[in-house]
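Novice: Test case, fold it:
(chains A, B and C)
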Amino acid sequence: MNHLLATIVAAPAIAGAVLLVVPSTQRLAIRVVSLLGALVSLGASIQIALQYDRATGGLQLLETVPLVPSLGIHLKLAVDGWGVALLLLTGVIIVTGVLASWSVERRDKEFFLLLLVLVAGVFGVFVSQDLFVFFLFYEIAVLPMYLLIGIWGSSHEVPASGPFKFAWRRFAVGSKEYAAMKLTLMLLVGSAAILVAMFLLWGNSGARTFDLQVLEATKFPIGVQHVVFPLVWLGFGTLAGVFPFHTWSPDGHASAPTAVSMLHAGVLMKLGAFGVLRIGMVLVPDAAAWWAPIVGGVAVVNVLYGALCAASQKDLKYIVAYSSVSHMGVVMLGIATLNAAGWNGAVYQMVAHGIMTGLFFALVGLVYERAHTRAIAKMGGFAHVMPVVAGFFTLACLSSLGLPGTAGFIAEFMVFAGAAKGANAWWAVPGVLGAFVTAVYVLRACKAIFWGPAPAGEYSHLEDVRRTEWAAPLVLGSLLVVFGFWPRLLLDFIDVASQGYLGRLPLVALAQVVTP
Amino acid sequence: MTLASCLILSAAVLCVGIYGLLTRKQAVAMLLSIELMANSANMVFASYGHFRGGPSAQVFVLFALAITVAEVAVGLALVMLLYRRHGDTALDLASEARQ
Amino acid sequence: MSAVTLGLIATFAPLAAALLLWALVPLRHRGAPAAWVTLLGSVIALAASVKLVIDRLGGAPDVRTTIPWIEERGRAMAELGVQLDGVSVPMLVIVCLVALCVQLFSVAYMHDEPPRAFGRYFTLHALFLFSMNVVVVSPNLLQLFAGWELVGLTSYLLIGFYFAKPSAAQAAVKAFWMTKLADMGFLFGLLVLYVNTGGFEWTAVPGTAIATWVTALLFLAVVGKSAQFPLHIWLPDAMEGPTPVSALLHAATMVAAGVFLVVRADPLFAQAPATREVMLWIGASTAVFAAGLALVQKDIKKVLAFSTCSQLGYMVAALGAGQAFAGFFHLGTHAFFKALLFLAAGSVIHAVHSNSLDDMGGLRKKLPLTTAAFVIGALSLAGVPGFAGFFSKDLVLGALEGKASWVPWAMLMGSAFLTAFYMGRVVIKAFWGAESEKAAHAHEGGLAMTGPLVALALPSLGAGFLGGWLATQVRAEYHLHLGLTPIAASAMALLGIGAAIMVFGKGGQAPLVGTLEKLDAFSLVDKTWAGAYRIGLLGVSSLAGWIDRYLIDGLMNFTGWAALEGGASARKLQTGLVRDYAMLVVVGVLVLVLIGVLR
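Specialist: Numbering: from 1, shown residues only, chains lettered A, B, ... in the order given. This is a model prediction of the structure:
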């Protein structure tokens, strides 16, 4: 028995602990230690993918350590096919994220420490098979965000207006403190809902256990299920940006520093969607099937409304942030289809969007660091001075709008196909429309920033990508294309898990699926 | 002397304490009132111990006395701080927390 | 080598060139070597496709191989592969041949570009040829869609090649948006087909109702890609790209992908007569409408762009009449003569450094070879008997005659007259008449420029005689007959040329032209779309943005505000006076005692 899963969670945590004793003047050492922690995790995630038996599927690489046996809490680590795909994503994003934040100057030791703690939590969520530990890791992943945004973030001003104008004098809307506080509070309300759902499941499981496998085998009374599912959906959904609880996301992502945006939009939002799938759909399938039309209906709003909101933004980071709201809508839409194509598409979209938005935020961070502005109106012709950034930005745009040959297409296509096959075929229509609106706003942004006459004045000497900054564009950009042409790399893992869990859905829901 | 008379005495002391607490403005006087109230409770303990027997009541009283002493020490220290800050020991002065 | 291997070579040789150039940055930045890499890729692709034709002449059968692409439960949900038959093999040759000619021409045409831009240009060309070949060899509609979108991407990048120019940037984005808008139809069509048949095959038989839905949705994409009314507005703007790009993408191959799609999906369209009826009318209207607009353009490339719209209208009309072969044949001949026309125009532009017809004139003495090439292309386009365009146009018109759709037939006849008339105008204005100021220093380009002109002039002259062979390839019937249509069409062509000489030969201006200019029909459609974009998209999106910031997020802020304000009011309970608290304690204790006593 090897300890790959323990390694993947422990590596960033140990690196973080080592950072505590590294003096803060040793700036290179801090970075090297962080990078090592991230690389070990990435290596472990690749090794996990290689060892995972795709033919068998199910939970593999099981490790158990009892924590509080009297309450049925165990540190039980195992991974399913979805987990494998998401572990790979997280590994890639943390490595590129650390490299992208090489130039952080203020309090860099604390920055990397928090980053590592956060990512240890993310890894923990994907591998825990005990609901309590799952939740514990979830909180570990969510909370460092408050400090990361509050300390290292950037602020801007949002003018007071609208019917709730009077509320503006209470907060500095748009400031980093505001963004951090809003994000934390909204996510904590979500966590509270999850906590309630968790104890409901624990209390009604009969065995008084948090073990996910035991809970999966339990048939909960339908009344309990109907309370648990909406709590799980909205609780985790808040982190996944489910409308109308998505408003922490634009402010949070816009204010966060580069690596934090990368991790948050790239990986953390997936925790939310993963929670809805893994806890909501799998543990309380009967209620899930009943609630699916509502989940899907809201997801459709997310897709189209998020895209329209993105189209109205003038701040580069807000565009990318709203595009995340829109793309996470695609994930939720896939989850709501209740069929293999939709679920595969949803998980594939999690990975595709994670890579794509990671690339976006890395590049936006580069541009911001050099030009010191996020306002698109002030930019123009940057392709003359930073052609590499322009090229990769275009690639990210193309994946965002779902161009075939990029990972975004495979994901969106599967989700739309799943939706079209499912009970509510019309979901595909706003979904595809959302992709069109995406094409409009990303290409408009791309044109406004990079095309046009060569920039004059202060922007005429902007530097292109250099040294460690190459990592994120190269790795993430190539992965977008590789996963776009060769979906089997991930799909083999995802599909086996989807098939396994789909069998749990009630027959009523499955009957609605047309199998040609 | 009966248990009832002892209880009546302690109730009277308690009432004096309450009255003092509610009417006095000076912190030291209020602290004294609180002491009266605490000691009235100790008297109840002691009298029950005396009339109904058992050593546990005495243990409680001694324990309570010790704690009361500590409490008075803390209280007096606070009073000292209050005096240093405001030049007076009227407790109403210490109401900054309201704002 | 097996047919599949050859097909794969034809597809992947250009991709290999593109990847090589992408990865080897120094090579790309050197400029000239990049061109050789791309040319090598194209030569290999052309050689493989020619070998395929030779094999087919020797009786090689149709082949089709697929591998799973997206899998579900071990079953392929989508497949990739190669299908080499009578449609894809000739198309492969056409595409590779025209691409090679255009790339060769570009070496000379673009030589003034800085090396980095030159390298980028050829990388994109290689990527384009790969994408186009993906479309051509695709065995199912999903792969066709993938290639379709990729050619859209390369088109976007090549139109925006001069990205420093705001107009080019705008044109590129506009082209992408318009085609993407139409491509939603493609995607919906695929989804409908998938839900009803479980696959993406054009051989599926889903029943008339579903087939009508699917084909109507697919046709929407064709309208966008093949620049049919009312989604044609991107094509004239696309002329912002370098002229060879216009020749390859926006005349010969990419815009014809729409027609190719219909030819490919003919079994599906055959099940949907209603869609075909719509196609017939849209094709015929576009043919006339665009021909009218071509008449009034001052920019030589815009004349050719509208002419492309118009000729694509012919093809679509033929497809609508149910004669896929007629459309396909016209696609083939059009690819040659329109590429020829564009390259000749490029040669002229290269010589006079202007796109405007007013800056040209009397060029026939300075540019004899270019003149000859342009005239051959123009005669072929006009459909003068003997030239390639005559045969295919005749077949298109014959298709309408056979279906007895006389109104569209008459529209196309009128458009044939207009075609000859406006091409006559261009030829006379550019090559005859008084020598303009800018024409004084004009001279022919090198061999790289004239070679491709000759190479394309030959098929523009003679490709018409290949109709019989092509017909056997796609198993269509083909016979030339001397009837109403060919005679009328020839008459229209000759009349148009005659009228052009009459009107423009003396340097005059047709009265018709002035009226059409005033009508400004093009900008009307353009403005309608711009308005739809501004109101429909920008308006709605700013509304959504406002709602999100000030209503939905406002509500969140309100929640926070309410909590803070509520806390502030609750704090008033705290007087800060110890006696008040003590009083509360005493009252509380009394109440509790009272409750205890009463119970």
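Novice: okay, CA-based contacts and neighbour counts for the rest of this
Specialist: Will do.
Novice: State the pLDDT value of the residue of the stretch 101-250 of chain A found nearest chain B.
Specialist: Evaluated by C-alpha to the nearest C-alpha, the stretch 101-250 of chain A has residue A:170 as its residue closest to chain B, separated by 16.7 Å. Listed pLDDT for residue A:170 reads 79.
Novice: how far away is it from residue C:558?
Specialist: Look at residue A:170 and residue C:558: by C-alpha to C-alpha, to the nearest Å, they are 10 Å apart.
Novice: Those two - which one has more neighbours?
Specialist: A direct count of neighbours by other C-alpha atoms under 10 Å in any protein chain shown for residue A:170 and residue C:558 places residue C:558 higher, at 20 against 13.
Novice: where does the closest residue to the more buried one other than its chain neighbours land in three-state SS?
Specialist: Among residues not flanking residue C:558 along the chain, residue A:167 sits closest, at 5.8 Å (C-alpha to C-alpha, 6 or more residues apart in numbering or on different chains). Following DSSP: H, G, I helix; E, B strand; the rest coil, residue A:167 is assigned to helix.
Novice: Who are the contact partners of residue A:167?
Specialist: Contacts for residue A:167 were tallied using C-alpha atoms under 8 Å, 6 or more residues apart in numbering or on different chains; they are C:554, C:557-558, C:561.
Novice: Let me have those in TSV, adding pLDDT and secondary structure as columns.
Specialist: Formatted as TSV, the contacts of residue A:167 follow (pLDDT from 0 to 100; DSSP: H, G, I helix; E, B strand; the rest coil):
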residue	pLDDT	secondary structure
C:554	88	helix
C:557	89	helix
C:558	91	helix
C:561	90	helix
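Novice: Reformat those residues as a markdown table; add distance to residue C:78.
Specialist: Converted to a markdown table, these look like this (distance: C-alpha to C-alpha, whole Å):
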| residue | distance to residue C:78 |
| --- | --- |
| C:554 | 45 |
| C:557 | 47 |
| C:558 | 49 |
| C:561 | 52 |
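Novice: Which entries within these meet the buried criterion?
Specialist: Buried members of the contacts of residue A:167, scored by 16 or more other C-alpha atoms under 10 Å in any protein chain shown, are C:554, C:557-558, C:561.
Novice: buried ones in stretch C:469-477?
Specialist: For stretch C:469-477, burial by neighbour count (16+ other C-alpha under 10 Å) applies to C:470-471, C:473-474.
Novice: Actually, stretch C:479-498.
Specialist: C:485-486, C:489-498.
Novice: ok, these vs residue C:349, which is closest?
Specialist: When the buried residues of stretch C:479-498 are ranked by distance to residue C:349 (C-alpha to C-alpha), residue C:497 comes first, at 23.7 Å.
Novice: Might you report the residue contacts of whichever residue of chain B sits closest to chain C?
Specialist: Proximity of chain B to chain C (C-alpha to the nearest C-alpha) peaks at residue B:95, 4.1 Å away. By C-alpha under 8 Å, 6+ apart, the contact set of residue B:95 is C:575-577.
Novice: Now go through these and say which are in helices.
Specialist: Among those, no member is found in helices (DSSP state H).
Novice: would you turn those into a markdown table with neighbour count and distance to residue C:230?
Specialist: Formatted as a markdown table, the contacts of residue B:95 follow (neighbours: other C-alpha atoms under 10 Å in any protein chain shown; distance: C-alpha to C-alpha, whole Å):
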| residue | neighbour count | distance to residue C:230 |
| --- | --- | --- |
| C:575 | 16 | 75 |
| C:576 | 18 | 76 |
| C:577 | 16 | 79 |
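Novice: of all these, which comes closest to residue B:31?
Specialist: Of all these, residue B:31 sits closest to residue C:577, with 14.7 Å by C-alpha to C-alpha.
Novice: Next SSE downstream of the longest helix seen in chain A?
Specialist: Ordering each helix of chain A by length in residues (DSSP H) puts helix A:340-371 first. Next helix or strand after helix A:340-371 toward the C-terminus (DSSP states H and E): helix A:387-400.
Novice: Just name whatever secondary elements that following helix is in contact with.
Specialist: Helix A:387-400 sits against helix A:340-371, helix A:407-421, helix A:428-450, helix A:471-485, with contacts defined as 3 or more C-alpha pairs under 8 Å, 6 or more residues apart in numbering or on different chains; DSSP states H and E.
Novice: got the buried residues for the third one?
Specialist: It stands for helix A:428-450. For helix A:428-450, the neighbour count (16+ other C-alpha under 10 Å) marks A:428-450 as buried.
Novice: can you list the residues that contact that helix?
Specialist: Contacts of helix A:428-450 (C-alpha under 8 Å, 6+ apart): A:300, A:303-304, A:307-308, A:310-311, A:316, A:323, A:326, A:330, A:376-377, A:379-384, A:390, A:393-394, A:397-398, A:400-402, A:416-417, A:419-420, C:169-170, C:173, C:177, C:180-181, C:184, C:187-188.
Novice: and the residues you listed, which are buried?
Specialist: So, by 16+ other C-alpha under 10 Å, the buried ones in those are A:300, A:303-304, A:307-308, A:310-311, A:316, A:323, A:326, A:330, A:376, A:379-384, A:390, A:393-394, A:397-398, A:400-402, A:416-417, A:419-420, C:169-170, C:173, C:177, C:180-181, C:184, C:187-188.
Novice: So which of the buried residues of stretch C:479-498 sit within helices?
Specialist: C:485-486, C:489-498.
Novice: mind listing what's buried in the helix or strand where residue A:225 lies?
Specialist: Per DSSP H and E: residue A:225 is located in helix A:222-239. For helix A:222-239, the neighbour count (16+ other C-alpha under 10 Å) marks A:225-226, A:228-239 as buried.
Novice: what residues are up against the residue nearest in space to the middle of chain B?
Specialist: Nearest to the geometric centre of chain B sits residue B:35, at 2.0 Å (C-alpha atoms, centre = their mean). With contact set as C-alpha under 8 Å, 6+ apart, residue B:35 has these partners: B:17, B:68.
Novice: List the buried residues for the host helix or strand of it?
Specialist: Per DSSP H and E: residue B:35 is located in helix B:27-52. Within helix B:27-52, the residues that count as buried by 16+ other C-alpha under 10 Å are B:27-31, B:33-49.
Novice: can you count the residues close to residue A:372?
Specialist: Residue A:372: 11 surrounding residues under other C-alpha under 10 Å.
Novice: same question, residue C:287
Specialist: 34.
Novice: same thing with the one 4 residues further on?
Specialist: As a burial measure, the neighbour count of residue C:291 was computed by other C-alpha under 10 Å and equals 30.
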